[in-house]
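Peer 1: sequence unknown, structure follows:
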């Protein structure tokens, strides 16, 4: 499942790059739900949390830019390195965990992707997941490895997203922030049982347990324009 997504995404980026320009960037992503009063976090609240490192998923992205349209791929993650399984609340001897978000999106830059002021909108799809960070370590224990699939996360959910943002470009460097609304898919993500699995028939597909999709996402980032 993951190999198919990666192959499809890379193919799309390669095809698009034939007639466009490329930029790379780094980003910090934060996820929110409504507070007890039904309020959503403001830009100021999100920026303060970002500066303090509260709940930030760090990562990067690559985006192919045409005159106005763009196609991007982003990956952000948050390591959980206390050795505690957050699902059971118990210590886990097989390493740390991480939660990650990978998404593919199409953007429209109203003044062009390299304009000094760069207001834009975007729409895309993605996957949030939770898994062991180092499955190689876990796989050294033959008895335990049979219960955990190598290529599929422990939990995962697909989602769709729409968003808007504003950037400022001082070529070759640019900065931006954006706000996205995310909606979990009604469809479950499928995994495949490993050849040594005891959870099901090796090679058969199964539905991966869902991971929670936060409805609101703030992103702050910087990029390098390679044109």
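Peer 2: Here it is on my side, so go on. The structure presented is a predicted model; accordingly, all values stated were derived computationally and were not measured.

Peer 1: once you drop chain neighbours, what's closest to residue 35?
Peer 2: Nearest-residue entry for residue 35: residue 41, 7.8 Å, with adjacent residues in sequence omitted and distances by Cβ to Cβ, 6 or more residues apart in numbering. Bear in mind the C-beta positions are built from the backbone N, C-alpha and C, glycine included.

Peer 1: just the element for the most centrally placed residue in the chain, please.
Peer 2: Nearest residue to the geometric centre of the chain (Cα atoms, centre = their mean): residue 101, 2.1 Å. Assigned by DSSP states H and E, residue 101 falls within strand 97-109.

Peer 1: number of residues surrounding the nearest residue to residue 198 once chain neighbours are set aside?
Peer 2: Take residue 198 and drop its neighbours on the chain: the residue closest to it by Cβ to Cβ, 6+ apart is residue 146, 4.7 Å away. Residue 146: 15 surrounding residues under other Cβ atoms under 10 Å.

Peer 1: enumerate every residue touching residue 146.
Peer 2: Counting by Cβ atoms under 8 Å, 6 or more residues apart in numbering, residue 146 touches 194, 196-198.

Peer 1: so where do the strands sit in the chain?
Peer 2: Using DSSP state E, the strands of the chain run over 21-32, 57-65, 69-80, 97-109, 117-132, 155-170, 173-184, 190-192, 205-207, 216-225.

Peer 1: can you put the ones you listed in CSV and add mean pLDDT?
Peer 2: Listed next are these as CSV, based on pLDDT from 0 to 100:
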stretch, mean pLDDT
strand 21-32, 94
strand 57-65, 95
strand 69-80, 93
strand 97-109, 95
strand 117-132, 96
strand 155-170, 96
strand 173-184, 97
strand 190-192, 89
strand 205-207, 91
strand 216-225, 96
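
Peer 1: can you redo these as JSON lines with distance to residue 139?
Peer 2: Listed next are the strands of the chain as JSON lines, based on distance: least, Cβ to Cβ, whole Å:
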{"stretch": "strand 21-32", "distance to residue 139": "29"}
{"stretch": "strand 57-65", "distance to residue 139": "25"}
{"stretch": "strand 69-80", "distance to residue 139": "19"}
{"stretch": "strand 97-109", "distance to residue 139": "16"}
{"stretch": "strand 117-132", "distance to residue 139": "10"}
{"stretch": "strand 155-170", "distance to residue 139": "19"}
{"stretch": "strand 173-184", "distance to residue 139": "30"}
{"stretch": "strand 190-192", "distance to residue 139": "16"}
{"stretch": "strand 205-207", "distance to residue 139": "19"}
{"stretch": "strand 216-225", "distance to residue 139": "33"}
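
Peer 1: between the ones you listed, which gets nearest to residue 46?
Peer 2: Nearest of those to residue 46, taken as Cβ to Cβ: strand 216-225 at 3.8 Å.
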